[in-house]
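A.B. asks: Please work out how this folds:
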Amino acid sequence: MNDRPVNERPYQFFHPRVVRTRQLSPTLRRVVLGGAGLARIVTGGRDQRVKLFLPRPGQSAPVLPEVLDDDWYARWRGLDPALRGVMRTYTVSAVRPQTAELDIDFALHGDLGPASRWAARACPGDRVALLAPVVEDNGGIEFRPPAGTGWVLLAADETALPAVANILAALPAGLPVRAFVEVGHPDDRRHLPTRADARVTWLVRAGHDRTTPLLDAVRATAAPDGAAPYAWLAGESGCVRALRRHLVTERGMDRKAVSFTGYWRQGRTEDDLLRAAVAAAEAQAQTAAA
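C.D. replies: All right, here's what the predicted structure looks like:
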């Protein structure tokens, strides 16, 4: 039974600090956040996403709206872009209510983005902010295989590796799974514990091609006879779209059985994508009002 107060929002803001960091591989770095309030955070899915807010250079903490209510996003957008906290979306790698800690794994790519720069230099005591769920039934989940799923296909790059690891760890024993994970370095490969009947294929990227290796691997994968498939695709947006198009158009999979999320887009930042989404929404509203 859900005993959550009727007026409580499924997401709340938290203001943790960095507790420690750990280099998991040449590309992946784990940042552990801690704070008493984090004990309230729950996850309802293995690809649970949260909003992470980072300080700008010279700031000790990210600048957020004074009033954090249902209009927080409009208030955040209304702040000076040069001062407001940098907002990025990340998967929860793990949450430990007993110690009030939460792990986020960052895919490092040098100084090409503010989140990568911050993660590479993060130190204990650094302050951030989170918009994270306090109820299991929240909108930040994409991995939702329907009842009757007979086998699962996972295709992702290193940015979605935390979600792949969590999904595999949660799948039931014996469920057939084919997982393809593209990474930038051979040492990014890691053991992924699971009770499922999983075959994990690692694809080490050569150069900047982020579509062909994953697409070729998925194309060569045969589905178990008579088993209802479910696919979960995540990573670079162009690659994810190509994979979904192949599964739905060329292989005839039901659109409802394909979950896909662009975690990032080649040559674009999340700020660029937010601006484009807002502009598209405003244009659509103007067209509807005309």
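A.B. asks: Hmm, R219 is touching L243, no?
C.D. replies: No. In this structure R219 lies outside contact range of L243 using C-beta atoms under 8 Å: 9.4 Å. C-betas here are computed from N, CA, C, even on glycine.
A.B. asks: okay, those two: which has more neighbours?
C.D. replies: A count of neighbours by other C-beta atoms under 10 Å puts L243 above the other of R219 and L243, at 26 against 12.
A.B. asks: Below-threshold pLDDT in the protein: ranges please.
C.D. replies: 1-8, 111-112, 208-209, 266-290 (pLDDT under 70).
A.B. asks: and it, what are its domains?
C.D. replies: Under automatic domain parsing, the residue ranges defining each domain of the chain are 11-133, 151-264.
A.B. asks: need these in TSV with distance to F143, can you?
C.D. replies: Compiled in TSV, the domains of the chain are given as follows (distance: least, C-beta to C-beta, whole Å):
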stretch	distance to F143
domain 11-133	5
domain 151-264	5
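A.B. asks: Which of these sits closest to P145?
C.D. replies: domain 151-264 (4.2 Å; C-beta to C-beta).
A.B. asks: where do the helices sit along the stretch 51-200 of the chain?
C.D. replies: Remark: helices assigned in the stretch 51-200 of the chain by DSSP state H, counting those that start in this stretch are 72-78, 114-121, 161-170.
A.B. asks: Now do the first one: everything it contacts.
C.D. replies: Taking C-beta atoms under 8 Å, 6 or more residues apart in numbering as the criterion, the residues outside helix 72-78 that touch it are 13, 64-65, 67, 84-85, 87, 131, 278.
A.B. asks: Tell me the one among the residues you listed nearest to P186.
C.D. replies: Nearest to P186 among those, with distances taken as C-beta to C-beta, is M87, at 32.7 Å.
A.B. asks: coming back round to it: just name the most buried of the helices of the stretch 51-200 of the chain.
C.D. replies: For the helices of the stretch 51-200 of the chain, the largest average neighbour count (mean count of other C-beta atoms under 10 Å) is found in helix 161-170, namely a mean of 22.
A.B. asks: From the contact counts, what lies against that one?
C.D. replies: strand 86-91, strand 101-107, strand 151-157, strand 176-183, strand 229-236 (3 or more C-beta pairs under 8 Å, 6 or more residues apart in numbering; DSSP states H and E).
A.B. asks: nearest to A163, of those strands?
C.D. replies: Closest among the helices and strands packed on helix 161-170, once you apply C-beta to C-beta, is strand 86-91, at 4.6 Å.
A.B. asks: Partner strands of the closest one, with direction?
C.D. replies: Here strand 86-91 has these sheet partners by DSSP bridges: strand 49-54 (antiparallel).
A.B. asks: Show residues contacting the strand it pairs with.
C.D. replies: 62, 64, 85-92, 104, 114-115, 118, 128-133, 140-141.
A.B. asks: okay, the helices and strands packed on helix 161-170 in JSON lines with mean neighbour count and distance to G44 next?
C.D. replies: Formatted as JSON lines, these follow (neighbours: other C-beta atoms under 10 Å; distance: least, C-beta to C-beta, whole Å):
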{"stretch": "strand 86-91", "mean neighbour count": "22", "distance to G44": "13"}
{"stretch": "strand 101-107", "mean neighbour count": "22", "distance to G44": "15"}
{"stretch": "strand 151-157", "mean neighbour count": "24", "distance to G44": "18"}
{"stretch": "strand 176-183", "mean neighbour count": "22", "distance to G44": "21"}
{"stretch": "strand 229-236", "mean neighbour count": "24", "distance to G44": "15"}
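A.B. asks: With distance to R265 as added columns, please give these in CSV.
C.D. replies: What follows is the helices and strands packed on helix 161-170, written out as CSV (distance: least, C-beta to C-beta, whole Å):
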stretch, distance to R265
strand 86-91, 12
strand 101-107, 14
strand 151-157, 12
strand 176-183, 16
strand 229-236, 7
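A.B. asks: quick one, which of the ones you listed is nearest to T194?
C.D. replies: Nearest of the helices and strands packed on helix 161-170 (C-beta to C-beta): strand 176-183, 7.3 Å.
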